[in-house]
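**Student:** following is a predicted model, sequence given first.
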Amino acid sequence: MNKKISKWAVFPGLILSLIIALLFLSEWINIGVIANPEIIDKYYFGSDSMVGKYWYYESATIYALTALVQGIISSGITVLFVFSLNRNSKKLLVISYSLLGIGVIATLIRVAV
């Protein structure tokens, strides 16, 4: 018999991936879609101090696109967590946590470099 996976095993990853997706997608909406000049000016896009540290601060467009890509990827991981819960699949759960871990590590490396 297959044991059901516990919803408590799924929820931490589901919540974390959902929060990450919402944060990145909200950045994309604020900078890329709404594009309020007052908000964009606070980021100092293109300045030597920002571009020297992080390539994605070169322009508001690049920043918005990277936020959109990360938001879509995080949303996909969130969907995998939901599928693992609905299908009671340990394999999908392991894949979901693996992708979430890789995404978090990649984001940390991107910020540190």
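**Tutor:** Good, I have the coordinates.

**Student:** which outside residues touch stretch 31-43?
**Tutor:** With contact meaning C-beta atoms under 8 Å, 6 or more residues apart in numbering, stretch 31-43 is reached by 30, 50, 57, 60, 61, 63, 64, 65, 67, 68. In short, each C-beta sits where N, CA and C put it, glycine included.

**Student:** likewise stretch 95-110?
**Tutor:** 10, 13, 16-17, 20, 54, 56, 70, 73-74, 77, 80-81, 84.

**Student:** can we see that at 6 Å?
**Tutor:** 13, 17, 77, 80, 81, 84 (C-beta atoms under 6 Å, 6 or more residues apart in numbering).

**Student:** what's near enough to touch the last one?
**Tutor:** I take that to be residue 84. Neighbouring residues of residue 84 by C-beta under 6 Å, 6+ apart: 92, 93, 96.

**Student:** per-residue confidence at residue 112?
**Tutor:** Residue 112 carries a pLDDT score of 72 in this model.
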